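Peer 1: Output the structure for:
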Amino acid sequence: MDIPPKSPDGSEKSPQSKELLSSNTASTLCTSSRSESVWTEAPRSKWEIYHKPVIVVSVGAAIFLFGIVITSLSCLETKNKNVYKLCGPAFLSLGLMLLVCGLVWIPIIRKKQKQRQKSQFLQSLKSFFFNR
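Peer 2: Numbering: from 1, shown residues only. Purely as a prediction, here's the structure:
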């Protein structure tokens, strides 16, 4: 049988267990929850909400157009035809991938915004009725 070591002052509890019991980890954990920031957050502008997908869509469109130009050069140019035939479809596919990802991202953000508005309304309704 293991006997826990006694602390220098003669008490049963070690100094480490005293620190653990006196800390307020439970209260600090509850107050720093992620859900609180959702309710206290200031409303954001449309650009702050949609700037990332707009940038992805515009970069994807630019790369896609560059791929179209490179691919069309493979039909016209005879000097570096093999290079254009290799690079053109690569830029086309990369640009199309970014374009589609950005276009799919926008409805996802809209859906999240609607859910956040509904949950904020329900939270305010709940606090109205239960805080009286």
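Peer 1: and the helix or strand where residue 105 lies, what other elements does it pack with?
Peer 2: Using DSSP states H and E, residue 105 sits within helix 81-130. Packing contacts for helix 81-130, counted by 3 or more CB pairs under 8 Å, 6 or more residues apart in numbering; DSSP states H and E, involve helix 34-40, helix 46-76. Just so you know, the C-beta spots here come from the backbone N, C-alpha and C atoms, and that holds for glycine as well.
Peer 1: again, only this time at 6 Å
Peer 2: Secondary-structure packing of helix 81-130 (3 or more CB pairs under 6 Å, 6 or more residues apart in numbering; DSSP states H and E): helix 46-76.
Peer 1: And the helix it packs on, what's buried?
Peer 2: Buried residues in helix 46-76, defined by neighbour count with 16 or more other CB atoms under 10 Å: 49-50, 53, 56-57, 60-61, 63-64, 66-67, 70-71, 73-74.
Peer 1: Fine by me, we can end here.
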